[in-house]
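J.: Sharing a model that was predicted from the sequence below.
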There are 2 protein chains.
Amino acid sequence: MFKSSELLEKINRHIAEMSWERQPQGLYAPVAYVLSLGGKRLRPLLMLMAYNLYKEDVERIFNQATGIEVYHNYTLLHDDLMDKADRRRGKPTVHKVWGENTAILSGDAMLVLAYQLMEKDCPADYLQQILEEFSRTALEICEGQQYDMDFETRLDVREEEYLEMIRLKTSVLLAAALKMGAMLGGASDEDAACLYDFGMNLGVAFQLKDDWLDVYGDPAVFGKNIGGDILCNKKTYLLIQALEQADEEQHRQLCHWLEAVSYEPDEKIAAVKQLYTAIGVDRLCTQKIAEYTDRAEQSLEQVSLPASRKEELKALMKSLMNRTL
Amino acid sequence: MFKSSELLEKINRHIAEMSWERQPQGLYAPVAYVLSLGGKRLRPLLMLMAYNLYKEDVERIFNQATGIEVYHNYTLLHDDLMDKADRRRGKPTVHKVWGENTAILSGDAMLVLAYQLMEKDCPADYLQQILEEFSRTALEICEGQQYDMDFETRLDVREEEYLEMIRLKTSVLLAAALKMGAMLGGASDEDAACLYDFGMNLGVAFQLKDDWLDVYGDPAVFGKNIGGDILCNKKTYLLIQALEQADEEQHRQLCHWLEAVSYEPDEKIAAVKQLYTAIGVDRLCTQKIAEYTDRAEQSLEQVSLPASRKEELKALMKSLMNRTL
């Protein structure tokens, strides 16, 4: 059994060695570019770790692991275009470098490439199941992105709606990565389902932590600028709960800041943060994170393997949840 | 064995009966919209006709036939967005009705839906082959669209480059529809390859005819406005050959019209048409159409079935090539 760091190194090397030389380069250069920007490679790592719970020959599923990373990077490419984001991982986004049409088309090509990799050398016994799982997940992620866009123009998003949105937009892919890895490793349906639930709960906890870090993270270590979500009025768990839990005066102040057009950025961040803390959403958010982290841990415990075999996944979960950036 | 009109009616009914009620409607309403606009349904028809050469239970592959139509409509949706086209089949395009982000995301969802349909109830024996064929084709179509966009800014596109572009952008999907239908029907690899070649040659002839009709079609019957390609300087077979074959004076005149910014539309169309005819590209184009139509016919003849069984496909080819609109 491999350490997660070993699996990460393996898959990083595999992805780095892929060739994107084919023509036309107008289509493939952006694909090479986004894959070269790195990232945590969390989804292929989870797939390999789940597979490695059952089998040792992890190179057997490098295509599928790469497929899920190519897929994830396609979603980032199109999401950045839809969000008009200028930068990703410290570099200009594809539509900034090559224009919007290339961003659309290269993203489309990546989705097809992801399917090709999913299918490549996939054992015939598992092909149908793997593709069903992958397509269902990909469609759910479209739905999550649509809800996220729908929420931008709404002030009445409920907590359950938000949790469902992040489940679709973020968690199902972590869950599917684990489930597909387990399936390919020959796990029982029960184990595969428990690993799916582990990924789902971990994903929700992970996204909530992201929301929390944007406000309460340490500016010295958190990668993005603190308060970015506050400045663009992003519907995070904190804002949604704040709008729901605020008393009349707090609600008025919060709406004042949401509607303000001219302000000092630092002043808005400080004021909204103070409101969040006064309303108690800091605590509500950390409670929710703990709740989903506990559920993730319980899901992992139900996988019918000795605890020692599940240590690596548990350690990865802890490191993801204790991250300060 | 069914008549092509019967198969067309069957697949139209099947597509019309599909439900797109699922949430969020912001994502699925545009899918329902583009599929409701109709169109020739040529690709599913070709798939069903190829299948029907070998088997009678055509309803067996309605999912795959619908998948290829959903796929085709996704390419139109994203191409219209990239071309900033306002209308499609007489109705406003998706990005005009719902905005660009919805056009990107609903298109993405349609690509996933196409894969789901391709895989749905696909006999396990054929699944891997069908998906390989579909993904390879989908990637080639991305490449064709990229070449088409690259050509917009070039004046030195060669005939071979143009033919390769339309092969990728248009023909491979007709070819793949026929090949997949044949494969699912249990055809030999040789027959499937001949039907692929038939579709490929038919597709090139079809696109060249489209280029020709835009200039030489009868305005009273041709669907689009005559001369549309001329007005937007579209790199058609006629323009590319005209630039290549023109003498010095003709080349100067052609470039004058390509660079003109202020002109009477009818005057430009008449002048460029006259140049085309004088240079002889009218004849070159009709020769090329005849050449590819002949090749298509020969490919069909090589399919190892009695001629009577291939009559419907031959008749469809003739009607496509003799269309005046």
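T.: Good, I have the coordinates. Worth saying up front: this structure is predicted, and the values here are computed from it rather than measured.
J.: Run a quick neighbour tally on the residue of the stretch 201-325 of chain A found nearest chain B.
T.: Closest residue of the stretch 201-325 of chain A to chain B, CB to the nearest CB: A:Lys235 (14.9 Å). For every residue, glycine as well, the C-beta is placed using N, CA and C. A:Lys235 has 21 neighbouring residues, counting by other CB atoms under 10 Å in any protein chain shown.
J.: In a helix, it, correct?
T.: No. Counting by DSSP: H, G, I helix; E, B strand; the rest coil, A:Lys235 falls outside a helix, being coil.
J.: Those residues of the stretch 51-200 of chain A touching chain B, which are they?
T.: Residues of the stretch 51-200 of chain A that fall close to chain B, judged by CB under 8 Å from any CB of the partner chain: A:78, A:81-82, A:101, A:104-105, A:107-109, A:111-113, A:115-116, A:119, A:124, A:127-128, A:131-132, A:135-136, A:138-139, A:142-143, A:145-147, A:149-150.
J.: Just the buried ones among the residues you listed, please.
T.: Buried members of these, scored by 16 or more other CB atoms under 10 Å in any protein chain shown, are A:78, A:81-82, A:101, A:104-105, A:107-109, A:111-113, A:115-116, A:119, A:127-128, A:131, A:135, A:138-139, A:142-143, A:145-147, A:149-150.
J.: what does the helix or strand that contains A:Ala270 contact?
T.: Following DSSP states H and E, one finds A:Ala270 within helix A:265-279. Around helix A:265-279, the neighbours that count as contacts under CB atoms under 8 Å, 6 or more residues apart in numbering or on different chains are A:215-216, A:226-227, A:230-231, A:238, A:241-242, A:245-246, A:250, A:253-254, A:257, A:260, A:282.
J.: List buried residues within the residues you listed.
T.: Buried by 16+ other CB under 10 Å: A:215-216, A:226-227, A:230, A:238, A:241-242, A:246, A:250, A:253-254, A:257, A:282, out of those.
J.: Turn the residues you listed into CSV, including distance to B:Glu190.
T.: Shown next, in CSV, are the buried ones among the contacts of helix A:265-279 (distance: CB to CB, whole Å):
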residue, distance to B:Glu190
A:Val215, 66
A:Tyr216, 67
A:Ile226, 66
A:Gly227, 66
A:Ile230, 65
A:Leu238, 64
A:Gln241, 65
A:Ala242, 68
A:Ala246, 72
A:Gln250, 75
A:Gln253, 76
A:Leu254, 71
A:Trp257, 71
A:Asp282, 70
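J.: Give me the subset of those residues lying in helices.
T.: If you go by DSSP state H, those have A:215-216, A:230, A:238, A:241-242, A:250, A:253-254, A:257, A:282 in helices.
J.: and the two most separated of these?
T.: A:Tyr216 and A:Gln253 (19.1 Å; CB to CB).
J.: quick one: A:Phe206 and A:Met321 touch, right?
T.: Yes. Using CB atoms under 8 Å, A:Phe206 is in contact with A:Met321, at 7.4 Å.
J.: higher neighbour count, the two?
T.: Neighbours per residue (other CB under 10 Å) separate A:Phe206 from A:Met321, with A:Phe206 holding more: 23 against 18.
J.: Once you drop chain neighbours, what's closest to that one?
T.: Excluding its sequence neighbours, the residue lying closest to A:Phe206 (CB to CB, 6 or more residues apart in numbering or on different chains) is A:Leu320, at 5.9 Å.
J.: Would you mind measuring from that neighbour to A:Leu313?
T.: Per CB to CB, to the nearest Å, A:Leu320 is found 11 Å from A:Leu313.
J.: Show me which of these two is the more surrounded one.
T.: A direct count of neighbours by other CB under 10 Å for A:Leu320 and A:Leu313 places A:Leu313 higher, at 23 against 18.
J.: Show me which residues of the one helix or strand that one maps to are buried.
T.: Assigned by DSSP H and E, A:Leu313 falls within helix A:311-321. Neighbour-count burial for helix A:311-321 flags A:312-313, A:316-317, A:320-321 (criterion: 16+ other CB under 10 Å).
J.: Which one of those residues is nearest to B:Val157?
T.: Nearest member of the buried residues of helix A:311-321 to B:Val157, counting by CB to CB, is A:Leu320, at 50.9 Å.
J.: Now do the contacts for the closest one.
T.: Listed by CB under 8 Å, 6+ apart, the contact partners of A:Leu320 are A:42, A:202, A:206.
J.: contacting residues for the residue nearest to the spatial centre of chain A?
T.: The structure's chain A has its C-alpha centroid closest to A:Thr170; by CA atoms, centre = their mean the separation is 4.3 Å. By CB under 8 Å, 6+ apart, the contact set of A:Thr170 is A:144, A:203-204, A:206-207.
J.: Same question for A:Asp121.
T.: Contacts of A:Asp121 by CB under 8 Å, 6+ apart are A:60, A:63.
J.: Strands along chain A, start to end?
T.: A:87-88, A:91-92 (DSSP state E).
J.: rank those strands by mean pLDDT and give me the bottom one.
T.: Lowest mean pLDDT within those: strand A:87-88, at a mean of 92.
J.: Now do that strand: which elements does it pack against?
T.: The criterion is 3 or more CB pairs under 8 Å, 6 or more residues apart in numbering or on different chains; DSSP states H and E, and there are no helices or strands that strand A:87-88 contacts.
J.: So, low pLDDT: which residues of the stretch 1-150 of chain A?
T.: Of all residues in the stretch 1-150 of chain A, none has pLDDT under 70.
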